[in-house]
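Asks: Quick check, what structure comes out for this input:
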Amino acid sequence: MTASVAGLLGGEVPAAVAGRVLLHAGYRRAARYRDRVDAAVGGLVLAGPGALARAGQPREEGFEAALLVDEAGYRDAAATEEAPFPAVDDGPAPLFGDPLEHQMLAHLAFADAALTPTGYLHAGQVGALEAAVDRVRRLGDPRVVLTVPFDVHWLQAGSLERLADALGRYPGPKALIVGGGAADVPRAVSGLVRLVERVPGAGVLRAGLSAFGCVARGGGFAAFGADGSMRRTAPPAPKDEGSRGGPGSPAVLFPDLMEFFLGFTLAKRLADEVPDCWCDQCQGASLGRFHTMAEQTAAAGHNACTLTDWVRQMCALDAADRGAWWRRRCRQALSSYAVWNERIKEKRFAAPAELAAWAELPVPKTGAQQVR
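Replies: Coordinates of the predicted model:
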């Protein structure tokens, strides 16, 4: 099956993903989430080396929602001025044409748009960024999304303006991926919002709460990481071959607190106070039932259903009302930490800095957001 050539809204956002919050998942685990995606408002981003080779399988099995492929080459190599797309620039050249064009056409055999395999953009690497922009602009294909995996330090004053100016030179769709280590979270969130405002229609991939926050404030589209590894990225580093083992229970989204906790942790802390969940997966079952990894598929279904419900709520609102809705939702979750900590009287839940940052951001002025 080949993807249809998606039209563009406003010349910047592929219609197949416009206004949507997709799930960003490793391609090996995508089957856990596929049946819980709402084709009207969501979709999947298949991630990781090898994802492109497996992209046809969902289509062959009847998956009709939006689909993108993120080969995540930015985790292995940085962009340079000579090779902004290391995965194709450092490999054998095709006999004819641009290797980037060949790769993008391979994506479009199954995906609704093609994400460029841009290398990681370390802070200050303006030449590498401009080289990526120029290459994609020369392709002249509106189905190609300029993917920009950049270090969080680009969001500082001065650097942010240079980043926005460079991205403004490409008239087609763009997707942002924020990488790097610990940072001033409130400043990073506000910087990302400013960047989305400066780059109309930009998407935000491999994100946490910022996926919803950016779309609620006028971003073109987004992808929420289905697990912790998909809600962050880091600069390329030597492979660590050592095994640290894994958790003994799956990560579970606690809707009241808008945060993930290990299932065992939820069950232990909440004890007799554990609530029932009425998402499409749980249907009234206890939220404390995900004790071991034997429940990881059910936990993934719960997470996806909960996130999908948030997307539906957001998409039901006028675009101008979504920023206020998102801040109100974050503030309500932030206040719920005190309520739950009082109820359990044991080890307390700590609110994530990202939630607090979104709760404190001022509501955008009416009309500032563009309806796409």
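
Asks: which regions of the protein sit below the pLDDT cut-off?
Replies: For the chain, the stretches with pLDDT under 70 are 1-11, 93-96, 240-244, 366-372.

Asks: which residues in it form strands?
Replies: In the chain, the strands defined using DSSP state E lie at 8-9, 13-14, 21-26, 43-47, 66-70, 114-115, 144-151, 174-179, 203-207, 221-225, 251-254, 259-262.

Asks: Redo those strands as JSON lines? Include mean neighbour count.
Replies: For glycine as for every other residue, the C-beta is placed from the backbone atoms N, C-alpha and C. Converted to JSON lines, the strands of the chain look like this (neighbours: other CB atoms under 10 Å):
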{"stretch": "strand 8-9", "mean neighbour count": "18"}
{"stretch": "strand 13-14", "mean neighbour count": "28"}
{"stretch": "strand 21-26", "mean neighbour count": "26"}
{"stretch": "strand 43-47", "mean neighbour count": "26"}
{"stretch": "strand 66-70", "mean neighbour count": "27"}
{"stretch": "strand 114-115", "mean neighbour count": "26"}
{"stretch": "strand 144-151", "mean neighbour count": "26"}
{"stretch": "strand 174-179", "mean neighbour count": "24"}
{"stretch": "strand 203-207", "mean neighbour count": "28"}
{"stretch": "strand 221-225", "mean neighbour count": "28"}
{"stretch": "strand 251-254", "mean neighbour count": "22"}
{"stretch": "strand 259-262", "mean neighbour count": "19"}
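
Asks: I'd like these laid out as TSV, including distance to residue 322.
Replies: Shown next, in TSV, are the strands of the chain (distance: least, CB to CB, whole Å):
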stretch	distance to residue 322
strand 8-9	16
strand 13-14	15
strand 21-26	11
strand 43-47	19
strand 66-70	19
strand 114-115	25
strand 144-151	22
strand 174-179	18
strand 203-207	14
strand 221-225	12
strand 251-254	20
strand 259-262	21
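
Asks: Residue 205 contacts residue 176, doesn't it?
Replies: Yes - counting by CB atoms under 8 Å, residue 176 is a contact partner of residue 205 at 7.1 Å.

Asks: about what we covered before: with residue 138 as the reference, name the closest of the strands of the chain.
Replies: Ranking the strands of the chain by proximity to residue 138 (CB to CB) places strand 144-151 first, at 10.6 Å.

Asks: next one: the closest one to chain centre, how far?
Replies: In terms of CA atoms, centre = their mean, to the nearest Å, the gap separating the centre of strand 144-151 from the centre of its chain is 12 Å.

Asks: Tell me which other helices or strands that strand touches.
Replies: strand 114-115, helix 126-139, helix 159-167, strand 174-179 (3 or more CB pairs under 8 Å, 6 or more residues apart in numbering; DSSP states H and E).

Asks: Please identify the most buried of the ones you listed.
Replies: By mean neighbour count, with neighbours taken as mean count of other CB atoms under 10 Å, strand 114-115 ranks first of these at a mean of 26.

Asks: contacting residues for the nearest residue to residue 152 once chain neighbours are set aside?
Replies: Using CB to CB, 6 or more residues apart in numbering and skipping the chain neighbours, the partner closest in space to residue 152 is residue 180 (3.9 Å). Each residue near residue 180 by CB atoms under 8 Å, 6 or more residues apart in numbering is listed here: 151, 152, 153, 234, 235.
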